[in-house]
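J.: only geometry, no sequence info:
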């Protein structure tokens, strides 16, 4: 362990994945009115099949009608990634 920096990942910038370029997820059965449920039941398994651990889903931009964007924090091989849809 490097005692001068006991948390080597603390200063690392997370990587933002780019839409369909980095992740090709299937939204065919995704119900946009039930987005929280379907993030867990449809998107999480697809992300896990790609080798990611899902840390959590978060609200991005929103307006009076609800979310405009949502993003997920992911981990894979010790690295943190974010992916956004909306």
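T.: Yep, it's here. Note that this is a predicted model, so its numbers are computed, not measured. Numbering: from 1, shown residues only.
J.: neighbours around residue 43, how many?
T.: By other CB atoms under 10 Å, 22 other residues sit near residue 43. In this view, the C-beta of every residue, glycine as well, is placed from N, C-alpha and C.
J.: next, give phi and psi for it.
T.: phi -80, psi -40 (degrees, to the nearest 10).
J.: who's in contact with it?
T.: Shown in contact with residue 43 (CB atoms under 8 Å, 6 or more residues apart in numbering): 25, 30, 72.
J.: show me what contacts the second one?
T.: For residue 30, the residues meeting the contact criterion (CB under 8 Å, 6+ apart) are 38, 42-43.
J.: between the residues you listed, which is nearest residue 76?
T.: Among the contacts of residue 30, residue 43 lies closest to residue 76 (CB to CB), at 15.2 Å.
J.: sorry, back to before: can I get the contacts of residue 30 in CSV with pLDDT and distance to residue 83?
T.: Converted to CSV, the contacts of residue 30 look like this (pLDDT from 0 to 100; distance: CB to CB, whole Å):
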residue, pLDDT, distance to residue 83
38, 96, 15
42, 95, 14
43, 95, 9
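J.: who does the most centrally placed residue in the chain bridge with?
T.: Taking CA atoms, centre = their mean as the criterion, residue 72 is the residue nearest the geometric centre of the chain, at 2.3 Å. Beta-bridge pairing for residue 72 (DSSP bridges): residue 57, residue 83.
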